[in-house]
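S.K.: model this:
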Amino acid sequence: MTAHEHTAQLNSDYASELQQKFISGDINVLSCSTTFELGVDLGSLETIFLRNVPPEPSNYIQRAGRAGRRLDTVGFTLTFAQLRSHDLTYFKEPEKMVEGRIKPPAITLKNEKIIRRHLYSIVLANFFRQYKGCFGKVNSFFNLDSDEVSGTQKMKEYLGEKPKQILTSLRRVIPSGLHDKLGVDNWAWTAEFIGADGSLAIADLKILDEYLSLKEFHKQKREEWISTSDQRTRNKLNKDMDWACRRMETIKGRNLIDFLATHTVIPKYGFPVDVVELEILHHIPAAKKIQLERDLRMAIAEFAPGSQVVANGYIWESAGLRVVKDRAWPIFWYAICPECKRFYIRKGKIEESFPPISCEMHGDITKGQIKRLVTPNFGFVTSKEVEPKKPGESRPPREFTTRPYFYDYKEPEEKKFGIGRLKIKCRYSSDGELAVVCKGKKGGGFYICFSCGTAFSDSPKGKHKTAYGRECSSKVRGPWHLGHTFKTDVLSISFDQPKSEVSDESFYFSLLYALLEGASQALGIRRQDLEGCLYPSEEGVMLILFDNVPGGAGHVKRLMEKQNLHEALDSALARVKKCNCGRETSCYGCLRNYQNQFCHEQLRRGVVLDFLENYLEIE
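M.R.: Numbers count the residues shown, from 1 in each chain. Here you go, the predicted model:
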């Protein structure tokens with residue numbers, strides 16, 4: 001067997017090449033992500049092995065439907081159910097997956113971030129009709145090796161004239177309820193697009209900074225080559241210069257649409273919103289064929305300094321945060337009240353001393369409880385000095401995890417329900433504010449050079465090297481946590497009946513994760529599309545459920561309907577009732593998952609089972 005990877009981590013040209021080799025028979029096993037889910041015809045494909053149970057029957061049909069599409073072949077699909085709640089549910093009742101009953105999909109047109117990307121795509125389409133020479137490759141737009149003004153500057157001049165056709169298109173396409181918020185009529189949206197911190201302006205800065213860094217690296221190696229006569233040293237310097245030249249050509253020749261999608265200017269498949277990249281600084285051929293991207297909420301753990309990612313047959317290790325000249329990472333101070341566990345956060349500066357932070361219920365929080373947080377919004381880099389290795393029989397361990405925290409929502413809509421003997425108060429807001437934090441190994445944070453971006457899990461001794469292998473004498477600061485703040489749809493749930501006087505974290509965490517499992521089942525969505533946390537309030541502990549995409553997707557809003565919430569609670573009860581683990585604990589078949597491992601020891605199936613059986617009676 002000849003096996004190859006086929007995932008979104010590969011660039012599109014290489015992925016297409018592998019696909020053609022598979023169709024022709026040169027490759028006969030493909031290890032795929034969901035890149036093959038939508039409408040891909042692989043000819044005489046015979047067998048599909050699913051390494052987990054797909055989220056919904058629609059996903060199952062799309063994946064299984066790749067096999068047996070020719071009259072002379074019979075398709076065979078084997079699904080492996082992992083030891084987790086979703087998979088085990090369908091393992092016990094497989095007919096619910098294979099019979100193909102598909103719930104109508106729900107969609108919301110109020111995600112401001114995604115609509116902004118569509119707005120920018122409309123603007124760019126009109127711009128490229130007028131400036132045809134700017135379309136195509138990255139260098140066609142940004143003019144990296146030319147004195148000619150870049151496409152970004154031409155865009156500023158173009159929008160300065162406020163073209164009538166763009167205004168007409170935006171009024172027609174953008175939902176009317178968002179015209180004022182986005183500033184369609186007064187052109188206020190242009191600040192978020194081409195202003196100093198606009199998405200297109202930042203993309204311009206990032207690519208120019210990377211290109212100029214490579215030119216400087218090449219110049220330095222050229223000077224070293226001239227100053228030495230040692231042939232071995234010259235050979236090494238020749239390799240470095242060749243790598244820099246190839247890297248610059250790769251940057252210039254990259255497809256412009258792909259670049260704009262990756263750098264959060266226009267929409268892309270799956271709509272990850274705050275996408276960042278792990279930039280690969282290696283000269284081996286495999287490096288050219290991959291493109292490692294994650295939404296920032298995942299990237300702060302998966303791309304954190306010291307983390308390892310497997311792609312295209314190699315292990316790539318992150319070495320630090322990417323730096324962009326004349327731009328600073330967002331800095332925050334945050335604290336968790338030691339008494340009630342409420343989360344507080346405020347913007348700050350690098351040199352600022354610890355600011356006072358007070359809990360609304362318990363007063364001032366001590367200096368030792370206040371932590372520093374940096375948002376790596378320009379992405380991450382590998383080190384050119386560290387060669388990638390071949391993976392072994394198992395994937396590298398995940399070194400870091402994240403945890404979400406809720407801290408505010410604006411103008412929540414409130415409803416009260418009676419379900420069984422439960423008296424439930426729900427508050428929904430499309431403007432909820434949350435933070436995701438990666439605290440490093442054992443909460444020790446990271447030590448970061450704010451000059452070159454190199455970072456470490458432990459405080460380094462002496463000088464360090466930049467991602468390009470040059471010595472850096474700047475000070476390494478730490479410890480810092482990595483984090484990301486975002487807004488999304490939020491639903492808070494509290495109970496007027498029964499009223500608990502005790503803030504039992506174990507019970508509330510257990511109920512929260514049972515409800516998240518039940519809600520994903522009731523709403524017919526992937527479990528990864530929902531997340532939650534706890535929030536202490538004067539009314540008691542609230543369960544916070546939120547759409548796991550910045551800007552929201554309208555999922556938790558559907559739980560404001562009594563029938564949907566009732567079905568979610570029923571599904572939660574069924575989940576904890578059917579599991580065979582001990583009542584005093586939990587497992588990946590009921591409440592546990594990778595994201596909530598920080599509270600695995602607190603999750604207890606039995607307390608949720610007793611609570612829901614006692615209070616969730618048929619009315």
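
S.K.: what's near enough to touch Ile300?
M.R.: Each residue near Ile300 by C-beta atoms under 8 Å, 6 or more residues apart in numbering is listed here: Pro376, Phe400, Thr402, Val436, Val437, Cys438, Leu482, Gly483, His484. No exception for glycine: its C-beta is placed from N, CA and C like everyone else's.

S.K.: 10 Å instead?
M.R.: 276, 294, 307, 373-376, 380, 400, 402, 436-438, 481-484 (C-beta atoms under 10 Å, 6 or more residues apart in numbering).

S.K.: so where does it fall, helix or strand?
M.R.: helix 296-302 (DSSP states H and E).

S.K.: sheet partners, orientation included, of the host helix or strand of Val381?
M.R.: Here Val381, judged by DSSP H and E, is contained in strand 380-382. Paired strands of strand 380-382, with direction, are strand 275-279 (parallel), strand 314-321 (antiparallel) (DSSP bridges).

S.K.: distance from it to the middle of the chain?
M.R.: 16 Å (C-alpha atoms, centre = their mean, to the nearest Å).

S.K.: do the same with stretch 329-349
M.R.: Using C-alpha atoms, centre = their mean, the offset of stretch 329-349 from its chain centre is 21 Å.

S.K.: next: stretch 328-336.
M.R.: For stretch 328-336, the distance to the chain centre is 19 Å (C-alpha atoms, centre = their mean).

S.K.: list the buried residues for it?
M.R.: Trp329, Ile331, Phe332, Trp333, Tyr334, Ala335, Ile336 (16 or more other C-beta atoms under 10 Å).

S.K.: same deal with stretch 539-555?
M.R.: In terms of neighbour count (16+ other C-beta under 10 Å), stretch 539-555 has its buried residues at 541-553, 555.

S.K.: check stretch 592-611 too.
M.R.: For stretch 592-611, by 16+ other C-beta under 10 Å, it's 592-593, 595-596, 599, 602-605, 607-609, 611.

S.K.: quick one, what contacts the residue lying closest to Arg527 once chain neighbours are set aside?
M.R.: Leaving out its chain neighbours, the residue that sits closest to Arg527 by C-beta to C-beta, 6 or more residues apart in numbering is Ser520, at 4.3 Å. Residues in contact with Ser520 (C-beta under 10 Å, 6+ apart) are Pro55, Glu56, Ser85, His86, Arg526, Arg527, Gln528, Asp529, Leu530, His555, Ala568, Ser571.

S.K.: ok, Ser520 to Gly554 distance?
M.R.: 14 Å (C-beta to C-beta, to the nearest Å).

S.K.: swap in Thr401?
M.R.: To Gly554, Thr401 is 28 Å away according to C-beta to C-beta.

S.K.: can you check Ala125 too?
M.R.: As for Ala125, its distance to Gly554 is 27 Å (criterion: C-beta to C-beta).

S.K.: Arg63 - how many residues pack around it?
M.R.: 18 (other C-beta atoms under 10 Å).

S.K.: again with Lys465
M.R.: Counted with other C-beta under 10 Å, residues neighbouring Lys465 total 16.

S.K.: so what's it up against?
M.R.: Lys465 makes contacts with Ala319, Ser383, Lys384, Glu385, Cys449, Cys452, Thr454, Glu471, Cys472, as judged by C-beta under 10 Å, 6+ apart.

S.K.: got TSV for those residues, with pLDDT and secondary structure too?
M.R.: Listed next are the contacts of Lys465 as TSV, based on pLDDT from 0 to 100; DSSP: H, G, I helix; E, B strand; the rest coil:
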residue	pLDDT	secondary structure
Ala319	95	strand
Ser383	93	coil
Lys384	88	coil
Glu385	85	coil
Cys449	95	strand
Cys452	94	coil
Thr454	95	strand
Glu471	90	strand
Cys472	92	strand
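
S.K.: from those, which is closest to Lys132?
M.R.: Comparing the contacts of Lys465 against Lys132 with C-beta to C-beta places Lys384 closest, at 37.2 Å.

S.K.: for the closest one, give me phi and psi.
M.R.: Lys384 has phi and psi values of phi -60, psi -20 when expressed as degrees, to the nearest 10.

S.K.: from Lys349, how far off is the nearest residue to it once chain neighbours are set aside?
M.R.: Leaving aside its chain neighbours, Lys384 sits nearest to Leu281 (4.3 Å; criterion: C-beta to C-beta, 6+ apart). Distance of Leu281 to Lys349, computed by C-beta to C-beta: 30 Å.

S.K.: what do you get for Phe509?
M.R.: 35 Å.

S.K.: over to Gly552?
M.R.: Gly552 is 30 Å from Lys349, by C-beta to C-beta.

S.K.: biggest strand in this protein by residues?
M.R.: Ranked by residue count under DSSP state E, the longest strand found in the chain is strand 476-497.

S.K.: just the angle between that one and strand 275-279, please?
M.R.: Interaxial angle of strand 476-497 relative to strand 275-279 (axes from the mean of the first three to the mean of the last three C-alpha atoms, to 10 degrees): 150 degrees.

S.K.: centroid-nearest residue for the chain?
M.R.: Central residue of the chain (C-alpha atoms, centre = their mean): Asp295, 2.2 Å from the mean position.

S.K.: from Ala304, how far out is it?
M.R.: 14 Å.

S.K.: element containing the residue nearest to Arg527?
M.R.: Per DSSP H and E: helix 505-523 holds Ser520.

S.K.: keeping just the C-alphas, turn that helix into CSV.
M.R.: Presented in CSV, the C-alpha positions along helix 505-523 are these (Å, rounded to 0.1, in the frame of the first residue of the first chain):
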residue,chain,number,x,y,z
GLU,A,505,-18.3,23.4,41.2
SER,A,506,-18.3,19.7,40.8
PHE,A,507,-22.1,19.6,40.3
TYR,A,508,-22.3,22.7,38.1
PHE,A,509,-19.4,21.6,35.8
SER,A,510,-21.0,18.1,35.5
LEU,A,511,-24.4,19.6,34.6
LEU,A,512,-22.8,22.1,32.2
TYR,A,513,-21.0,19.4,30.1
ALA,A,514,-24.1,17.1,30.2
LEU,A,515,-26.2,20.0,28.9
LEU,A,516,-23.6,20.8,26.1
GLU,A,517,-23.7,17.2,25.0
GLY,A,518,-27.5,17.2,25.1
ALA,A,519,-27.8,20.5,23.3
SER,A,520,-25.6,19.4,20.4
GLN,A,521,-27.7,16.3,20.0
ALA,A,522,-31.0,18.2,20.2
LEU,A,523,-30.0,20.9,17.8
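
S.K.: so how far is that helix from its chain's centroid?
M.R.: Offset of helix 505-523 from its chain centre (C-alpha atoms, centre = their mean): 22 Å.

S.K.: quick one: that helix to strand 476-497, angle?
M.R.: 80 degrees.

S.K.: mean confidence for stretch 221-236?
M.R.: Mean pLDDT, computed over stretch 221-236, is 92.

S.K.: and for stretch 291-300?
M.R.: Stretch 291-300 shows a mean pLDDT of 90.

S.K.: and stretch 519-530, how far from the chain's centre?
M.R.: Its chain's C-alpha centre and that of stretch 519-530 lie 18 Å apart, by C-alpha atoms, centre = their mean.
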